[in-house]
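[1] Need the 3D shape of this:
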Amino acid sequence: MSLIIRLVFALAACAIMLVAAGLMVYAPYEVIAGLISGEGATPDALLGAVGYLIVAIALFDVAKYFFEEEVPAGRERRTAADARRGLTKFVSTIIIALFLEALVLVFETAREDPSHVVYPALLVVAACATLLSLGLYQRLSAATEEAVGPEPDSEEEEAASEAVADASGSTLGRSR
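    Numbering: from 1, shown residues only. Sure, this is the predicted structure:
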């Protein structure tokens with residue numbers, strides 16, 4: 001079952017990367033097509049291209065997260081600190097994409113209809129709330145790790161038990 005789940009995540013990551021690559025090709029194409037047609041590189045086309053590129057980068061990061069965190073075998077026994085780091089990287093990328101997209105939307109809305117600037121402003125508020133939530137998660141999980149203590153790796157546990165066995169065996173051997 002684990003193999004099937006990893007294959008599904010791998011296929012999903014590949015599909016996401018294909019969509020992101022398509023957006024990265026389409027964004028400059030839209031600007032170049034405007035230049036060739038004689039319209040020039042309009043601010044709307046440029047802002048649209050930036051929006052597509054922001055979404056493409058966020059999609060690439062989601063696919064990268066799947067490949068790093070969900071696809072590899074043997075990741076079931078990772079520590080809480082590893083999970084926290086992976087989740088922090090993932091959510092940080094989403095937050096950056098939200099802020100950049102909100103910035104693009106503010107410029108687009110300000111040019112078209114300034115009375116609708118409240119919607120991009122709400123996106124900025126949502127991104128700030130997500131950032132504060134991530135900070136709270138970091139604070140609480142780090143405090144919990146300090147209180148509980150670090151989780152030992154299975155390799156570290158084996159090495160420690162072997163070291164204890166060797167030490168007790170060597171001291172027993174000396175006492176004879």
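[2] what is the rounded mean pLDDT of the longest helix seen in the chain?
    Using DSSP state H to define each element, the chain has its longest helix at helix 2-36. Mean pLDDT, computed over helix 2-36, is 91.
[3] Next SSE downstream of that helix?
    Using DSSP states H and E, the helix or strand that follows helix 2-36 in sequence is helix 43-65.
[4] quick one: that next one to helix 2-36, angle?
    Counting by axes from the mean of the first three to the mean of the last three CA atoms, to 10 degrees, helix 43-65 lies at 160 degrees to helix 2-36.
[5] what separates the helix or strand following helix 43-65 from the chain centre, distance-wise?
    Following helix 43-65 in sequence order, the next helix or strand is helix 80-112 (DSSP H and E). Remark: helix 80-112 is offset 10 Å from the chain centroid, using CA atoms, centre = their mean, to the nearest Å.
[6] And stretch 59-68, by the same measure?
    How far stretch 59-68 lies from its chain's middle: 7 Å, per CA atoms, centre = their mean.
[7] Pick out the residue closest to the middle of the chain.
    In the chain, the centroid-proximal residue (CA atoms, centre = their mean) is residue 90; its distance is 1.7 Å.
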